[in-house]
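Q: no sequence on this one, just coordinates:
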């Protein structure tokens, strides 16, 4: 509920760009799914550009067209989300993706 209220507050001013930090953090899976559906719909309907900070690669795959992978504050890899996640080139990205797939 808190995340949805914050999203609504952010959209009142009709921004073209929205920043979200861990928008699904702390939510159970069913609430996460509903929030992700809401976000995807809003992005399309309102033609929003969204910058999302997340540790959840599943959320990144669902919401992002492009992905930046950062290590110690520096971008180590970037590109189309599916390309970065399906064929990571940087060793850190490879480790990150493989560790998520193992869990």
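A: Cool, the structure landed. Here the structure is a predicted model, which means the values were calculated and not measured.
Q: residue ranges of the helices in the chain, please?
A: Secondary structure of the chain by DSSP state H: the helices cover 2-11, 29-46, 57-63, 81-86, 91-102.
Q: quick one: closest of those to residue 18.
A: Minimum separation from residue 18 across those (Cβ to Cβ) falls at helix 2-11, 5.6 Å. Yep, even glycine has a C-beta here, placed from its N, CA and C like the rest.
Q: what sits up against the closest one?
A: Residues from elsewhere that reach helix 2-11, judged by Cβ atoms under 8 Å, 6 or more residues apart in numbering: 18, 20, 23-24, 27, 35, 38-39, 42, 46.
Q: and those residues, which are buried?
A: The neighbour-count test (16 or more other Cβ atoms under 10 Å) marks 18, 20, 23-24, 27, 35, 39, 42 as buried among the contacts of helix 2-11.
Q: in these, find the pair that's most separated.
A: Farthest pair in the buried ones among the contacts of helix 2-11 (Cβ to Cβ) is 18 and 27. Separation: 18.1 Å.
Q: now this structure, which segments are flagged as low pLDDT?
A: 1-4, 101-103 (pLDDT under 70).
Q: domain-wise, how is it divided?
A: 1-56, 65-103 (automatic domain parsing).
Q: buried residues of the shortest one, list them for me.
A: Buried residues in domain 65-103, counting neighbours by 16+ other Cβ under 10 Å, are found at 67, 69, 76-77, 79, 81, 84-85, 88, 93, 96-97.
Q: distance between it and the chain's centre?
A: With Cα atoms, centre = their mean, to the nearest Å as the basis, domain 65-103 stands 13 Å off its chain's centre.
Q: repeat that for the longest one.
A: The chain centre lies 9 Å from the centre of domain 1-56; the measure is Cα atoms, centre = their mean.
Q: list the contacts of the spatially most central residue of the chain.
A: The residue lying closest to the centre of the chain (Cα atoms, centre = their mean) is residue 60, at 3.6 Å. By Cβ under 8 Å, 6+ apart, the contact list for residue 60 reads 52, 54, 67, 81, 85.
Q: how about residue 62: what's its closest non-neighbour residue?
A: residue 36 (5.6 Å; Cβ to Cβ, 6 or more residues apart in numbering).
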